[in-house]
Each structure stands twice: as structure tokens, then as C-alpha cells.
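Asker: just to be clear, the model below is a prediction. Sequence and coordinates:
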Amino acid sequence: MAEERLTDGVRIAQLLASEVTGNHGRLRDLSVTDADPDVEPTPDGALAYALVDGNNRLGEAFVQPDRVRVEFRVAPDAAADAAGTAGLRVRPKATQPPRTLVFVESGAEVKRVLPVLEAVLETGSRSANSDT
């Protein structure tokens, strides 16, 4: 039996959005906003949606032809550490403020992004609470 691997960027983004919106555990406060249902993948990545915790925009999902790039703007170090531990490809983005890019290259990798989101939520909420 041949093993099929889902590598369609749009479908991977849809799976990730479903995992986030259907999660009633630690990600229950995370939502998908500003979604573009007709997003067309581009080599540089087209914005598919944002990942938001309340009023805090944690990052965005960009669709490329064969993968999704999740760009974390909150807790970039926590995102990098958790993604590396999960076996996902990670790259820092040298912007101000810094960001972390996490690449989801197959449908099977979608579940591995969930601990990354949990780490970003935990670290982001801790730093938001320490600012008050």
C-alpha cells in the first residue's frame, strides 16, 4: 500500500485552522481570525489567517504551494524551542521585534504545531501578566 503524504499548502493550513478552532484543551482561547477562504499559495507565502489570543495577535499562517509558514510575533524564543523539540523546521526572522518562522511541510506535521502554540500562549501570557 502506497503511503500518501499531504503536501498541499492550502489543505495544510485548513487542517491547522481546524485543529486550533476544534481544540477545547489548552488552546481553547486561541482563535483564527482574518481568514481568507480563497487564499492562493505563492512562493513567498500568502496570508491565510491570524492566530489570536483575545486581543493579542500571536502570529500568522502563510500558505506556500507545498507548505505553511507560521510566523510567531509573540514569544519567538519559546516558539523556536518548542518547534525544534517537535522536529519542525524553524528559522529566526531578523526583524524588530524579532519573529520565529515555523514550517509545516505536511499534514502529518500539523499536530506537532500544537505544543508550539501552547508554549507561545504560556510564555506570552506570562510576559503580558508581568507587564502589568
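Answerer: On my side now, so go ahead. Numbering: from 1, shown residues only.
Asker: elements contacting the longest helix seen in the chain?
Answerer: Under DSSP state H, the helix in the chain containing the largest number of residues is helix 110-130. Counting by 3 or more Cβ pairs under 8 Å, 6 or more residues apart in numbering; DSSP states H and E, the packing neighbours recorded for helix 110-130 are helix 9-21, strand 46-53, strand 56-64, strand 67-72, helix 76-85, strand 99-104. All C-beta atoms are positioned from the backbone trio N, CA, C, and that covers glycine.
Asker: just send these back as a markdown table, with mean pLDDT too.
Answerer: A markdown table is the format used below for the helices and strands packed on helix 110-130 (pLDDT from 0 to 100):
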| stretch | mean pLDDT |
| --- | --- |
| helix 9-21 | 95 |
| strand 46-53 | 97 |
| strand 56-64 | 95 |
| strand 67-72 | 97 |
| helix 76-85 | 97 |
| strand 99-104 | 97 |
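Asker: the ones you listed: which one's closest to A119?
Answerer: For A119, the closest of the helices and strands packed on helix 110-130 is helix 76-85, at 3.8 Å, according to Cβ to Cβ.
Asker: closest to S31 out of the helices and strands packed on helix 110-130?
Answerer: Comparing the helices and strands packed on helix 110-130 by their distance to S31 (Cβ to Cβ), the top pick is strand 46-53, with 5.3 Å.
Asker: coming back round to it: could I get the helices and strands packed on helix 110-130 as JSON lines with distance to L114?
Answerer: Listed next are those as JSON lines, based on distance: least, Cβ to Cβ, whole Å:
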{"stretch": "helix 9-21", "distance to L114": "6"}
{"stretch": "strand 46-53", "distance to L114": "12"}
{"stretch": "strand 56-64", "distance to L114": "13"}
{"stretch": "strand 67-72", "distance to L114": "11"}
{"stretch": "helix 76-85", "distance to L114": "10"}
{"stretch": "strand 99-104", "distance to L114": "11"}
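Asker: to T123, which of the ones you listed lies closest?
Answerer: Between T123 and these, the shortest gap by Cβ to Cβ is with helix 76-85, which sits at 3.9 Å.
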